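Undergrad: I would like to see how this sequence folds:
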Amino acid sequence: MSQFISVFDMLKIGVGPSSSHTLGPWRAAQAYISKIRANKKFDLIDAIKVDLYGSLSLTGKGHATDLSILLGLSEADPEYIPIEDIFIIVDRINTQEEIIFKGGKTIPFYKNSIVFNREFLPFHANGVTFRGFCKGEEISTQTYFSIGGGFIVQEKDHLEEEIEINKKNFPFPINKALQLEEYCEKENKTISEIVLLNELELNSAAFIDKELHRIWDTMLECMYIGCHTEGKLPGGLNVKRRAYDTHQKLIKDSSYKNPEEWITAIRSTEVKFREILKWVSCFALSVNEVNASLGRVVTAPTNGSAGVIPAVLMYYLVIENHNADFKEIKQFLLTAGEIGSIFKKNATISAAMGGCQAEIGVSSAMAAAALTELLGGTAAQCLVAAEIAMEHHLGLTCDPIGGLVQIPCIERNAMGAIKAINAAEMALETDPKEVKVPLDKVINTMWETAKDMHKNYKETSEGGLAINVGLADC
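TA: Numbers count the residues shown, from 1 in each chain. Below is the predicted model:
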């Protein structure tokens, strides 16, 4: 049986610009410090060196991988650190060339303590090795792999050490989409209801509601910040933020003071087709502009695709159902999370392993299924929507210019959101019994496509737009 993946694994709060290249290495650095504390080597270590491999090295600078390593070694938490503290900590480490741990211990950490290696480690494209020294002797070595969505593993990790999803542990063990559909039909329940029953085996209803509230509040705050921030994005491409200007034109002279009042204001605006397209794109762009600025986002299922799910959910709240509240938000997030977990179990959500189909494609499928449930679709139609959304992202490459999660990444979120809405509408008009391509087959196809894809198109910035459009062109 497969490992249980919670909605809170698929939707994690963190810091941009990348879940695999920023959040993952950050968590790996935290894990390393925790490990040397646990094995009593922390007090002995007087130097640490870090080696980045493969995709983490090739696009690490553009993804702020080196900065995330510094923050993780400093034992800062990406979920809760005040955004304004990020550059204060990084600047202090770079200026003073030392890391200060919790409790006050200080060790030197020089600019060459992080080494960017072009070679790939066999286990996964995103590898990072931490080496601890005492008086020049290496006394601790740990290698971690950032496998997408902020997840980290070590090569020696075994599934049996994790929570397995089976009838003993969970009422509805789900590995394949077909199993999920069968449970829904047999129990006469929606996808979100089935997912909630599994989640309740791990956490209380109050905890689940509190955390889902926190996830949505983070998404809403992210959209709000992105729509109200102008200027250019950091990193050297001088990409102009577009959500601000689009939002100004759409919101006109509406008055509001906070994100909640903002939702009410948007509901009173014009809703012709073109305006709807602009609003959805604006929501998606706003999130990924915040992400590109090392802002706080929700991995959904990754940072690079963080704008799709909030944009589609916001579309439902401000266009489709003005009476919607937390009940619908909860349904949407639970359904989206489960669809994402099926992709992760059977394929990948890492662009370094599968290209952008593994990020934007999966997020679009998650959003399409969740929207379909809110629009009254059956569980089978929700899976049809996910299949349609992914089918039309198959083969999408990852080729960020300059290794930055900006071009073409930000626009792709807008396109993924629109495709999700379109997929939902098509699914609602579809008899699932007539469907020729089930979701499980598309997931298998995505994984086979990922394995066949040339490594230059897997988040290495060595193919596609990344080499045909140079920094000088921007």
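Undergrad: Buried ones in stretch 21-38, by neighbour count?
TA: 21-30, 32-33, 35-36 (16 or more other C-beta atoms under 10 Å). The way it works is simple: take the backbone N, C-alpha and C, and place the C-beta from them, glycine included.
Undergrad: what about the stretch 301-450 of the chain, any weak spots by pLDDT?
TA: Counting by pLDDT under 70, the stretch 301-450 of the chain contains no low-confidence range.
Undergrad: residue ranges of the helices in it, please?
TA: 308-315, 326-346, 351-354, 360-374, 379-391, 409-428, 439-452 (DSSP state H, counting those that start in this stretch).
Undergrad: Let me have those helices in a markdown table, adding mean neighbour count and distance to V290 as columns.
TA: Shown next, in a markdown table, are those (neighbours: other C-beta atoms under 10 Å; distance: least, C-beta to C-beta, whole Å):
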| stretch | mean neighbour count | distance to V290 |
| --- | --- | --- |
| helix 308-315 | 29 | 11 |
| helix 326-346 | 24 | 19 |
| helix 351-354 | 30 | 19 |
| helix 360-374 | 32 | 16 |
| helix 379-391 | 28 | 24 |
| helix 409-428 | 24 | 10 |
| helix 439-452 | 18 | 28 |
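Undergrad: just so I know, which of those lies nearest L58?
TA: helix 351-354 (9.2 Å; C-beta to C-beta).
Undergrad: gap between that closest one and the chain center?
TA: 13 Å (C-alpha atoms, centre = their mean, to the nearest Å).
Undergrad: mind putting the helices of the stretch 301-450 of the chain in CSV, distance to I467 included?
TA: Output for the helices of the stretch 301-450 of the chain, formatted as CSV (distance: least, C-beta to C-beta, whole Å):
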stretch, distance to I467
helix 308-315, 26
helix 326-346, 29
helix 351-354, 17
helix 360-374, 20
helix 379-391, 27
helix 409-428, 16
helix 439-452, 20
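Undergrad: Show me the strands in the stretch 51-200 of the chain, by range?
TA: Using DSSP state E, counting those that start in this stretch, the strands of the stretch 51-200 of the chain run over 98-100, 106-108, 114-116, 126-134, 137-148, 151-153.
Undergrad: Only the buried residues of the third one, if you could.
TA: Translated: strand 114-116. I114.
Undergrad: what packs against it?
TA: Judged by 3 or more C-beta pairs under 8 Å, 6 or more residues apart in numbering; DSSP states H and E, strand 114-116 is in contact with strand 47-54.
Undergrad: I'd like the mean pLDDT over the strand it packs on, please.
TA: Per-residue pLDDT over strand 47-54 has a mean of 96.
Undergrad: Would you mind extracting the C-alpha trace of it into CSV?
TA: C-alpha atoms of strand 47-54 as CSV (Å, rounded to 0.1, in the frame of the first residue of the first chain):
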residue,chain,number,x,y,z
ALA,A,47,32.3,24.2,10.3
ILE,A,48,29.7,23.2,7.8
LYS,A,49,30.0,22.8,4.0
VAL,A,50,27.2,22.3,1.6
ASP,A,51,27.2,20.7,-1.9
LEU,A,52,24.4,21.3,-4.3
TYR,A,53,23.9,18.9,-7.2
GLY,A,54,22.0,18.7,-10.4
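Undergrad: And the spatially most central residue of the chain, its phi and psi?
TA: Closest to where the C-alpha atoms of the chain average out (C-alpha atoms, centre = their mean) is T302, at 1.5 Å. Per-residue torsions, T302: phi -130, psi 170 (degrees, to the nearest 10).
Undergrad: where does it sit relative to P438, distance-wise?
TA: The gap separating T302 from P438 is 24 Å, by C-beta to C-beta, to the nearest Å.
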